[in-house]
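*Asks:* this is a predicted model, with the sequence first.
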Amino acid sequence: MKLIIMPSRQGQYAPITISVSRLILIVGLLLVGALVLGAALQRLVWTARPEVQPPLQVSSVPPSSAIPDAQAMRQLATKVGELQATVARLDGLGQRVAKVAGLPDQDITIVPESPEATVVLDDLWVPASETRAPPFSQLEGEINWLQKSLSRQGDYLSMLDLAVTQQAASVARLPTAMPIESYPYLSSSYGWRRNPFNGQMSMHEGLDFSAPHGTPIRSAAGGVVRTVTVHRGYGNMVEIDHGEGLMTRYAHAKVVLVKEGEVVTRGQLIARVGSTGLSTGPHLHFEVRKDDRPLDPRAFLAGQPMNAPVATARPVTGSSSITWQPRVR
């Protein structure tokens, strides 16, 4: 390649010969020099300009240790609501247990020895410098402790309620209601007596209530009808199972009004007085048996039957050394 440089004066020139490789090298050096020069100029310009920084924003929100965020407050409100519901439930359960057990309400303690709260919920949004409130983590720990304590107290009250209910059920199944209310008179007591049919001494295993034909016979306690049959000696007979081997028997009925397997309640009408079987007149023969062994019914009955149908009742002392008086209704 040839380059011809023409001077200003005509007629004189000097030819210069440059190869292609040298030309490329020269152009590359020029480009590198241009890049270096541009970078130097840019640095000079940035150094000359004053530094501009974004203004500081002053926030009026206190640190997170003093005020929890919205999500944490919602979780706290949820826990407080759950605790309030638990307290209400335990309060009702405590009153029920106290009523069944005959205890005063003040004897039921929901949370014994609970530590005093170190912060009030209404003060959570007040700066920490004014209320000296503990950190939110400490408040949350106290609530968790209270929740565990309430849970344990709830379990304890539930077990107590179950025990008292079982005890009340055991008492309720005892045959303490009078099977005959209108005529609580005994024609024959429990114990040894002379048999009216053969004149021999024999054991009378129940109580005989004298009453007119058709007088209602009621269940002395709740239970399940085990037997309804016609017996040679007892006549029309009903047996009610009260559980755990305890059973009551109602004999000489005119008519039986229940069926085998039927569930009956205390005081329910189950039959009517008659004189069926070996009987000298209309009456109810009533027995209480435990594991098929006879017991004195007067030890259970709250009606306190009398021995004779007299206007002025005389107290009668039985073999159990208990004085029986007529029931007042």
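*Replies:* All right, it came through fine. Residues are numbered from 1 along each chain as shown.
*Asks:* for the stretch 51-200 of the chain, which segments count as helices?
*Replies:* Along the stretch 51-200 of the chain, the segments classed as helices by DSSP state H, counting those that start in this stretch run 70-101, 128-131, 136-172.
*Asks:* could you dump those into TSV and include mean neighbour count and distance to Glu260?
*Replies:* Where you see a C-beta, it was placed from the backbone N, CA and C, and this is true even at glycine. What follows is the helices of the stretch 51-200 of the chain, written out as TSV (neighbours: other CB atoms under 10 Å; distance: least, CB to CB, whole Å):
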stretch	mean neighbour count	distance to Glu260
helix 70-101	14	33
helix 128-131	12	74
helix 136-172	14	22
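*Asks:* compare those helices and say which comes out lowest on pLDDT.
*Replies:* Ranked by mean pLDDT, the helices of the stretch 51-200 of the chain bottom out at helix 128-131, which scores a mean of 45.
*Asks:* sec struct for Gly214, please.
*Replies:* Judged by DSSP: H, G, I helix; E, B strand; the rest coil, the three-state class of Gly214 is coil.
*Asks:* tell me, how many residues neighbour the closest residue to it other than its chain neighbours?
*Replies:* Ranked by CB to CB, 6 or more residues apart in numbering and with sequence neighbours excluded, the top spatial neighbour of Gly214 is Arg272, at 4.9 Å. Other residues within reach of Arg272, judged by other CB atoms under 10 Å, total 20.
*Asks:* next SSE after the helix or strand Arg272 falls within?
*Replies:* In this structure, Arg272 sits in strand 269-273 according to DSSP states H and E. Going down the chain from strand 269-273, the next helix or strand is strand 283-290, by DSSP H and E.
*Asks:* tell me the first helix or strand C-terminal of that following strand.
*Replies:* Using DSSP H and E, the helix or strand that directly follows strand 283-290 along the chain is strand 293-295.
*Asks:* adjacent strands (with direction) for that next one?
*Replies:* Note on strand 293-295: by DSSP bridges, its sheet partners are strand 283-290 (antiparallel).
*Asks:* any low-confidence regions in this structure?
*Replies:* 1-16, 49-69, 73, 101-136, 138-139, 303-304, 307-329 (pLDDT under 70).
*Asks:* for it, what's the longest strand?
*Replies:* Under DSSP state E, the strand in the chain containing the largest number of residues is strand 246-256.
*Asks:* restricting to C-alpha, output that one in PDB.
*Replies:* Coordinates of each C-alpha in strand 246-256 appear next as PDB, following Å, rounded to 0.1, in the frame of the first residue of the first chain:
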ATOM      1  CA  LEU A 246     -77.900 -55.400  92.700                       C
ATOM      2  CA  MET A 247     -81.400 -56.500  91.900                       C
ATOM      3  CA  THR A 248     -85.000 -55.700  93.100                       C
ATOM      4  CA  ARG A 249     -88.000 -58.100  93.000                       C
ATOM      5  CA  TYR A 250     -91.700 -57.200  92.900                       C
ATOM      6  CA  ALA A 251     -94.100 -60.100  93.400                       C
ATOM      7  CA  HIS A 252     -97.800 -60.900  93.600                       C
ATOM      8  CA  ALA A 253     -98.700 -58.200  91.000                       C
ATOM      9  CA  LYS A 254    -102.100 -58.100  89.400                       C
ATOM     10  CA  VAL A 255    -100.600 -57.000  86.100                       C
ATOM     11  CA  VAL A 256     -97.100 -56.300  84.900                       C
END
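*Asks:* now it and helix 136-172, what's the angle there?
*Replies:* Taking axes from the mean of the first three to the mean of the last three CA atoms, to 10 degrees, strand 246-256 and helix 136-172 form an angle of 50 degrees between their directions.
*Asks:* residues touching Leu29, list them.
*Replies:* Contact partners of Leu29, counting by CB atoms under 8 Å, 6 or more residues apart in numbering, are absent.
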